[in-house]
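Participant: Need the 3D shape of this:
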Amino acid sequence: MLILYLNGIPQENLWSEFVIKETRTYIRVLSGIVGVWVYWCTSLYVTRQRALPFWIRSVSRYSFGIYLYQQFILQILLYHTSIPQQVGTVALPWLYFVITLLLSWGMAYLTSKTRIGKFLLG
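Facilitator: I've put the predicted structure just below:
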């Protein structure tokens, strides 16, 4: 709301233009910090109130491995399969999300069972 108000102020000289642009930047940064803080507080509240399901704890445990493998899996699915032509544009991101999560989760699990995988993935 404040940013829209700042956009309506006439920018008559270089100094007023600078002040308005900097104020908008600070408001955006501050709103991002507040958003992250609210998300963090909500996450802490939820995890203290109830135990998380097994699959969430497992995804959390293997999250770095999932992060590493998902890009390679997406590249293979996008450029070496015909899935994008067969699935509609609405369902494609959701289908890729499920396929990528399951495959990268499984690969991270298997990698963590080796000696070097434990070292790399934690």
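
Participant: now stretch 70-84: how far from the chain's centre is it?
Facilitator: 19 Å (Cα atoms, centre = their mean, to the nearest Å).

Participant: which outside residues touch that stretch?
Facilitator: Stretch 70-84 has contacts (Cβ atoms under 8 Å, 6 or more residues apart in numbering) with 92, 95-96, 99-101, 103-104. (C-beta placed from N, C-alpha, C; glycine too.)

Participant: one more time with 6 Å
Facilitator: Residues outside stretch 70-84 that contact it (Cβ atoms under 6 Å, 6 or more residues apart in numbering) are 100, 103-104.

Participant: Check stretch 100-110 too.
Facilitator: By Cβ under 6 Å, 6+ apart, the residues outside stretch 100-110 that reach it are 62, 65-66, 69-70, 73-74.

Participant: gap between K21 and L14?
Facilitator: To L14, K21 is 11 Å away according to Cβ to Cβ, to the nearest Å.

Participant: can you check L92 too?
Facilitator: Distance of L92 to L14, given as Cβ to Cβ: 48 Å.

Participant: out of these two, which sits in the busier spot?
Facilitator: Each of L92 and L14 has its neighbours counted (other Cβ atoms under 10 Å); L92 has more, 16 against 8.

Participant: Leaving aside the residues adjacent along the chain, what's closest to that one?
Facilitator: Nearest residue to L92, sequence neighbours excluded (Cβ to Cβ, 6 or more residues apart in numbering): P84, at 6.2 Å.

Participant: Run a quick neighbour tally on the one you found.
Facilitator: Residues near P84, counting by other Cβ under 10 Å, number 14.
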